[in-house]
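Chemist: sequence unknown, structure follows:
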């Protein structure tokens, strides 16, 4: 793609240089300085002086539509001032890239502008240019009018919507009050668990429910009003209250959670491989699903990883989402024992 772009640029520059050289030669043949072909607008003035004998007529080249008529007559006159006939003039009009070099580097000699004033050509260019200006003005007016109409219509629609919403209040399903400090980390005091000296529980407040969740006693813990996260020795424990969407089931929610994790891992294909989603385990008001994969470490070794997600329906649409994750690339001598105990506390049984 880059090579094609560079090639196009080179070709365009070559054509530009070629066209300048052709116009330089034409100007020199007509007794004008060749460098005039390099100066924008001035080169149009010189060309008009060569062909029409009056350089100021180049202003017709800036009239919409009129510039097309003026350019056609200019090519006709260019052929005549070099002693060429109508056939050559047609070539200049339709194949300038071919006939201009023939005129520039051929044997044709400049004979001077036609003594006839060509008033008809000038009038035709002026009338066509006037029509083009009128059409351009009408187009601008139409665009502005459409813009103003669109803004006005949008304002009217917003006003109508506001009036309707005031007259007929929209009936919405009541949502449980969300705590103002949800997501703000808080201090907590964990409760020890008998028989599990490395774990403790902390109380989480949902929208209507309160429950205890399990954390590591000496882990990297983050606790808010309704969520808790704990990490230690390659194991991460998560729990938090949230709500199901309208008409959403816990089976749909856990499938969506697992699918999001799978897509995230697949987007890092060079790091995670052999991604597998286990079958869903469902009971009354409770679902669980497991995802396993391998993580390629910096040493090139594949480290097994797993995440087990649980969704428990509390009441109405309130659910508790919890998970136990294991990354063996961060494992220590205590990881296997801690992972087994964490699964026991989260009600996860391996056969």
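Modeler: Ah, there it is. Bear in mind the structure is a predicted one, so any value in this text is a computation, not a measurement.

Chemist: now the longest strand anywhere in the chain: how far from the chain's centre is it?
Modeler: Criterion DSSP state E: the longest strand present in the chain is strand 302-315. When distances are taken as Cα atoms, centre = their mean, to the nearest Å, strand 302-315 is centred 34 Å away from the chain's centroid.

Chemist: Determine the longest helix present in the protein.
Modeler: Secondary structure assigned by DSSP state H gives helix 119-167 as the longest helix of the chain.

Chemist: just checking, what packs against that one?
Modeler: Counting contacts by 3 or more Cβ pairs under 8 Å, 6 or more residues apart in numbering; DSSP states H and E, helix 119-167 packs against helix 66-81. For glycine as for every other residue, the C-beta is placed from the backbone atoms N, C-alpha and C.

Chemist: Now the helix or strand just after the helix it packs on: buried residues?
Modeler: Past helix 66-81, further along toward the C-terminus, the next helix or strand under DSSP states H and E is helix 86-94. Buried residues in helix 86-94, counting neighbours by 16 or more other Cβ atoms under 10 Å, are found at 88-89, 91-93.

Chemist: Also stretch 217-236?
Modeler: 219, 221, 223-236.

Chemist: any idea how far residue 261 is from the most centrally placed residue in the chain?
Modeler: Geometric centre of the chain, nearest residue: residue 267, 18.6 Å, by Cα atoms, centre = their mean. Separation of residue 267 from residue 261 (Cβ to Cβ, to the nearest Å) stands at 11 Å.

Chemist: Over to residue 12?
Modeler: 51 Å.

Chemist: Pick out whichever of the buried residues of helix 86-94 sits closest to residue 134.
Modeler: For the buried residues of helix 86-94, the closest approach to residue 134 (Cβ to Cβ) belongs to residue 93, at 26.2 Å.

Chemist: count of residues packed around the closest residue to that closest one other than its chain neighbours?
Modeler: Closest residue to residue 93 apart from its sequence neighbours, by Cβ to Cβ, 6 or more residues apart in numbering: residue 75 at 4.8 Å. Using other Cβ atoms under 10 Å, residue 75 has 21 other residues around it.

Chemist: which ones are touching residue 75?
Modeler: 89, 92-93, 96 (Cβ atoms under 8 Å, 6 or more residues apart in numbering).

Chemist: Could you dump those into JSON lines with distance to residue 321 and pLDDT added?
Modeler: Below are these laid out as JSON lines (distance: Cβ to Cβ, whole Å; pLDDT from 0 to 100):
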{"residue": "89", "distance to residue 321": "82", "pLDDT": "84"}
{"residue": "92", "distance to residue 321": "78", "pLDDT": "84"}
{"residue": "93", "distance to residue 321": "75", "pLDDT": "86"}
{"residue": "96", "distance to residue 321": "73", "pLDDT": "81"}
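
Chemist: Which residue ranges of the stretch 151-300 of the chain form strands?
Modeler: Assigned by DSSP state E, counting those that start in this stretch, the strands in the stretch 151-300 of the chain fall at 191-193, 196-205, 210-216, 220-223, 227-232, 235-243, 272-277, 281-283, 286-296.

Chemist: Adding mean pLDDT and distance to residue 16, write the ones you listed out as CSV.
Modeler: Formatted as CSV, the strands of the stretch 151-300 of the chain follow (pLDDT from 0 to 100; distance: least, Cβ to Cβ, whole Å):
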stretch, mean pLDDT, distance to residue 16
strand 191-193, 90, 81
strand 196-205, 89, 72
strand 210-216, 89, 72
strand 220-223, 89, 64
strand 227-232, 90, 64
strand 235-243, 90, 64
strand 272-277, 90, 53
strand 281-283, 88, 72
strand 286-296, 91, 53
